[in-house]
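Colleague: Sequence and predicted structure below; questions after.
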Amino acid sequence: MRSRFPESEKRLLLWTAVIASLVLPALLCLAYIGKYGSNLVMLDEWRVALDLQALHSGRLTFGYLFAQHNEHRLLFPRLLMLGLAKVSSFNSMYEMYMGWVFLCATGFLLFRSHMRSGRLTPGWVALAIPPTWLFFTTRQWENLLWGWQLQVFLAVLSFVSASYLLEKSRGMDRRFILALACALVSSFSFADGLLVWPVCLAQFLFQRRGLPEGPKKSALWPAGLWACIGMGVYFVYLHHYVRPAYHPSTLYCLQHPGMFFSYMAVALGSPVTGVPESAFPIGCLLACIYAVAFLRFRSARSFLPLSLMLFSVLSAAMLGVGRSGSGVDQAYSSRYVTISLLGIIGLYEFLFHAEWGKIKPVLCCIAVCLMVAGVTKPQEGLMSTTRRWKMRTEVLSYLTLMYKYPAGELLKEPPDPHVPKDAAAFLEQQRLNVFRRPRTDFASLPGRLR
């Protein structure tokens, strides 16, 4: 009689391999931040320094934090970054690590959603490996290595949380209230977070389509409340809204519809390619598959994958309206990848759960190929891009420390024009951020700066 121990040992090894494959991409992402991240305030992040200065002088108010920044109202990220700055002497690395925590929390919710549709077996759990590796791609390097960008991770986490909670909600219950709170956080964390209201409203109505007439009518009350609060959020958000002067006109997309759709396609396809030129055809392919998926929404067992796709498409359209006048190349920016990833992951989950007949294997193969491409192709040239970013932060660190000296006195090029001198003086006085332990060895900087 054969012993069962070898079989159980094989099963244990299989489970170990599957769990390790799920955890490894998050750990690699954390190591990537630790190696290439820098404690340096720069560009938009100077807003946090100004917030600290306002807090120190007693000028910090709700209106000050709620004020428009570019096209966003960053109430919750600014509060969070203020708190992190107070406990870390404004160490930008804390913001990057917090962004990583938000990324992990979002990945966990996506995994939980995947597991709700299947059994706890190694085979079913292993199906979550491709989207997990894609979700933690370093193609989103700008969001990972710039603490200011935790706003994107917070908005995405809040949207996914709202969608996840609504899927489990049965009406005006605790989950519905928590979903409302998550939607508010998403709306006031990043402009794209405003899309949580129409997307989750569609999800809420879809989930009640199979109910009897009585319960279906009673379910309209939570949907109506959701819509009313969403309209209120839009009103508050747009009150005294001013289009940033350096942004292209929003009418540009109507005057140049080809540029608008090209921008959308590149934004949708950018997560799975390392070459900007190939993002357009991949984005067009994804847009076509998304359209077919939306037409077959009745075959979905869960609306959450469709919510992810819808959020991704609407976000790309929103970017196209606001930014297509800046050129299609901007759509390939790594800061937009985190949101575009949601659509591809949603498509992957939808294809494996919906009934598609004979074409299902073909579509599933396309989805898996996109996943593999997203994990491998963007790595081409990524390390050189990351090293250039690291070098840039070293240069900016030097220029920030030298903020008080006039051009040409100690530098062979002018100081960073983005450094507000009064905010830099405040950081130096309080010994915060780069002034906490200022570097004296700049041997690694380019020769023209030494």
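Modeller: Okay, I see it. Numbers count the residues shown, from 1 in each chain.
Colleague: Point out where the stretch 251-400 of the chain drops to low pLDDT.
Modeller: 274, 298-301, 353-364, 366-400 (pLDDT under 70).
Colleague: Quick one: the helices in it, in order.
Modeller: 252-255, 257-269, 276-295, 304-323, 337-353, 360-376, 382-401 (DSSP state H, counting those that start in this stretch).
Colleague: so the fourth one versus helix 276-295, what angle?
Modeller: The one in question is helix 304-323. Interaxial angle of helix 304-323 relative to helix 276-295 (axes from the mean of the first three to the mean of the last three Cα atoms, to 10 degrees): 130 degrees.
Colleague: And C200, how far from I344?
Modeller: As judged by Cβ to Cβ, to the nearest Å, C200 and I344 stand 20 Å apart. Glycine gets a C-beta too; all of them are placed from N, C-alpha and C.
Colleague: An error on my part: the question was meant for A49.
Modeller: For A49 relative to I344 (Cβ to Cβ), the value is 36 Å.
Colleague: Please apply the same query to P222.
Modeller: 30 Å.
Colleague: More neighbours: which of the two?
Modeller: I344 (28 against 21; other Cβ atoms under 10 Å).
Colleague: close enough to count as contact, the more buried one and V272?
Modeller: Yes. Taking Cβ atoms under 8 Å as the definition, I344 is a contact partner of V272 at 6.8 Å.
Colleague: Determine the set of other helices and strands touching the helix or strand P6 falls within.
Modeller: Using DSSP states H and E, P6 sits within helix 5-36. Packing partners of helix 5-36 (3 or more Cβ pairs under 8 Å, 6 or more residues apart in numbering; DSSP states H and E): helix 92-116, helix 122-126, helix 129-135, helix 141-145, helix 382-401.
Colleague: Quick check: phi and psi on H69?
Modeller: Here is the backbone geometry of H69 (degrees, to the nearest 10): phi -130, psi 110.
Colleague: Mind checking what secondary structure the residue nearest to it when sequence neighbours are not counted has?
Modeller: Using Cβ to Cβ, 6 or more residues apart in numbering and skipping the chain neighbours, the partner closest in space to H69 is R47 (6.3 Å). Under DSSP: H, G, I helix; E, B strand; the rest coil, R47 falls in the helix class.
Colleague: Over to H240?
Modeller: Criterion first, three-state DSSP; result for H240: coil.
Colleague: I'd like the distance between the residue nearest to it when sequence neighbours are not counted and V434.
Modeller: Once flanking residues are discounted, H240 sits nearest to Q68: 7.7 Å by Cβ to Cβ, 6+ apart. From Q68 over to V434 the distance is 27 Å, taken as Cβ to Cβ.
Colleague: quick one, which of those two is more surrounded?
Modeller: Between Q68 and V434, counting by other Cβ under 10 Å, V434 is the more crowded of the two (24 against 17).
Colleague: right, and the more buried one touches L40 too?
Modeller: Yes. Here V434 reaches L40: they are 5.4 Å apart, a contact under Cβ under 8 Å.
Colleague: Could you report the neighbour count for the residue nearest to H69?
Modeller: Neighbour tally, R47, other Cβ under 10 Å: 19.
Colleague: now do F153
Modeller: Using other Cβ under 10 Å: F153 sits among 26 other residues.
Colleague: which residue packs closest to it, ignoring adjacent ones?
Modeller: F102 (3.8 Å).
Colleague: For that neighbour, list the residues it contacts.
Modeller: Residues in contact with F102 (Cβ atoms under 8 Å, 6 or more residues apart in numbering) are 150, 153-154, 156-157.
Colleague: now for the helix or strand R175 falls within, which elements pack on it?
Modeller: For R175, the element it lies in under DSSP H and E is helix 174-187. Packing contacts for helix 174-187, counted by 3+ Cβ pairs under 8 Å, 6+ apart, involve helix 150-168, helix 196-207, helix 220-238.
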